[in-house]
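Colleague: here is the input, now give the coordinates:
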Amino acid sequence: MKERKLKIALFHPWLKSKGGAERVVLEFLKNTIHKVEVYTWVYKKDSTFEEFENFKVNVIAPRFLEKFSNKFILRGIFTLFGLFSKIDLRKYDLFFISTSGVAEFITFRNYKEGKTYAFVHTILRDSYKDNIKWNLKYRYRNPVNKLLYLGAVLFYRILERIAWRKIDCPIFNSELSKKRAEQNGLLKDKRSYIVHPPMNLKVTKKVNKNRDNFFLYVSRFNLLKRQDVLIEAWKEFQKSSGEYKKYKLVLVGGFENEKYMSRVKDLIKKGDEIEIKLNISDKELKELYSKSLAVLFVPFLEDFGIVPFEALSFGKPLIAVEGGGYMDLIKNSPNLIKIKEKLDRELMIKEIAGGIETFIKNKNRFNYKPEQFPELAPLSFTGKIEDIFLKRSGF
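Modeller: Residues are numbered from 1 along each chain as shown. All right, here's what the predicted structure looks like:
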C-alpha cells in the first residue's frame, strides 16, 4: 500500500541564526517525504542557513518586529503577537510547531483538533525553576528587576498552560526537556515521545594523530553558554603549573548579544593563550575539531547539545558538565570526563579548571577512537517523527 503524503504546516518562531533549533527544522524539511510549508514571525536570510531558500517560508509578522527578536527582554512582544497570528490550517493535514518556549502561543488562534504536534527543544527555560535560581543570582540582581522578572514568569506560566492545552502530542528532544515540562505541569495526561535531534555525524575513519596543544569550545556566545566562566577557569588552570602555559583555548561561535561579547573580550588579557573565532565555515570548524587536543562543553543545563556528539565523532576527549540532555547518550563514553554542575560561579570555575587538569594528567589513557550515534542520523530522526504523525492521526 502506497504511503500517503501529508500536507503539513510547520511553525518555527524565528529563522534568524544558525542555531540547533533551526538546524533541526532544516533537517526535517530536507528529509521528509511529506509536503511542508514553513510559517515564522522572523526570517533573516543572511544570518540563518541559506538552504531555507529551497522551501516555502511564509512570514506572518510585520517586518518592524525583526529588531526585537534579538533582544532578550523584548522577545516577550511575540508572546502577545501569538494572540493575533493567523494561519489557514484548513488546507493542511496537520500542524507541527517547533518550540523553545513562546512558539506555542501560536495555538491561541491556530489549532487543528487532534492533529497539533510540537517538537519541544525545551520549554521556555527562564520559566523553569533551576533557571529562575540562576537568573536571580546572575542576570537580575537589582531588587526591582527581580520582582519584574518573577512577575513576568508568573504571567508567562498562566499563558503557557493555556497554550499547551492545544498541543495534542508533544515530542521532546531529551529526557531533560520532558522533565521540565512535567515539573511545570504541562503534560497532564498527554501521551508524549522523545526523539533525539538529527545530526550529520560523519565519523572520521583516520583520527588526526598530529594534535595541536589547544582546547576547543564551540557554542553561541551568551550568558548561559558561560564563555566568561570558562575564561576564568582557564586562567585558574594555567596558574596551577608553569607547564600549562603551552596550552591554548579556542572559543568558536556566533553572537547576538554585543554587550556579552564585549564582556568576554574584556576578560581576555595578553598572555592568557585564548583565541576567539567568530562565524567560521563548516570546513574550518571540522579542521579545528580534528586538530584539537580535547573539546570542552560547559553551558548551564543544556537542553540537548550537538557539540558533545561532534567531538566524540572526531575521537576527541570531551570535558563536559553533567546535567545536560546529551548526558544520557554519552555517559558511558570512554572519552568523557564529567564535571559537576555548580550554581555558584566560583565553584563552577574550580570544577572546570579541575576537569581540564584531570585530562592533562591522564591524556595518554584515552583511546581517541571516533564514536558513532546512529540514532541521531537525519533520516532516522525524520522517520521517527513521521511514524508518530501517522500512528497518532490515523492516516
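Colleague: quick one, helices of the stretch 201-350 of the chain?
Modeller: Assigned by DSSP state H, counting those that start in this stretch, the helices in the stretch 201-350 of the chain fall at 227-239, 258-267, 282-291, 307-313, 327-330, 345-362.
Colleague: quick one, phi psi at Phe55?
Modeller: Dihedral pair for Phe55: phi -130, psi 160, per degrees, to the nearest 10.
Colleague: which residue sits closest to it in space, ignoring its chain neighbours?
Modeller: Leu29 (5.2 Å; CB to CB, 6 or more residues apart in numbering). Quick note: C-beta positions are derived from backbone N, CA and C, even for glycine.
Colleague: wait, what's in contact with the one you found?
Modeller: The contact partners of Leu29, by CB atoms under 8 Å, 6 or more residues apart in numbering, come to 10, 36, 38, 52, 55.
Colleague: any idea how far Lys30 lies from Ile87?
Modeller: 22 Å (CB to CB, to the nearest Å).
Colleague: I should have written Tyr244 there, sorry.
Modeller: For Tyr244 relative to Ile87 (CB to CB), the value is 56 Å.
Colleague: over to Tyr247?
Modeller: Noted for Tyr247: a distance of 52 Å to Ile87, by CB to CB.
Colleague: likewise for Gly242?
Modeller: Gly242 sits 62 Å away from Ile87, taking CB to CB as the criterion.
Colleague: what about Arg141, how many residues nearby?
Modeller: 10 (other CB atoms under 10 Å).
Colleague: pLDDT at it, what is it?
Modeller: Note for Arg141: predicted pLDDT of 89.
Colleague: going forward, count from 44.
Modeller: Renumbered: residue one is now 44, and that last one reads Arg184.
Colleague: quick one on the thing from earlier: neighbour-wise, give me the winner out of the contacts of Leu72.
Modeller: Leu53 (24 neighbours).
Colleague: before we move on, what SS does that residue have?
Modeller: The three-state label given to Leu53 by DSSP: H, G, I helix; E, B strand; the rest coil is strand.
Colleague: which residues sit in contact with it?
Modeller: Applying CB under 8 Å, 6+ apart to Leu53 gives the contacts 68, 71-72, 79-82, 139-141.
Colleague: of these, which is the most crowded?
Modeller: Each of those was scored for neighbours by other CB under 10 Å, and Phe139 scores highest at 27 neighbours.
Colleague: A strand includes that one, no?
Modeller: Yes - counting by three-state DSSP, Phe139 falls inside a strand.
Colleague: beta-bridge partners for it, please?
Modeller: Counting by DSSP bridges, Phe139 forms beta bridges with Leu53, Tyr160.
Colleague: distance of it from Glu147?
Modeller: Phe139 sits 12 Å away from Glu147, going by CB to CB.
Colleague: hang on, the earlier thing: so which of the contacts of Leu53 is the closest to Tyr332?
Modeller: The nearest member of the contacts of Leu53 to Tyr332, counting by CB to CB, is Val68 at 23.9 Å.
Colleague: helix or strand: which one has that closest one?
Modeller: Assigned by DSSP states H and E, Val68 belongs to helix 63-74.
Colleague: could you look up the next helix or strand downstream of that helix?
Modeller: strand 78-83.
Colleague: that following strand pairs with which strands, parallel or anti?
Modeller: Assessed with DSSP bridges, strand 78-83 is paired to strand 50-54 (parallel), strand 100-102 (parallel).
Colleague: which of those sits most buried?
Modeller: Of all the strands paired with strand 78-83, strand 50-54 carries the top mean neighbour count, a mean of 21, counting by mean count of other CB atoms under 10 Å.
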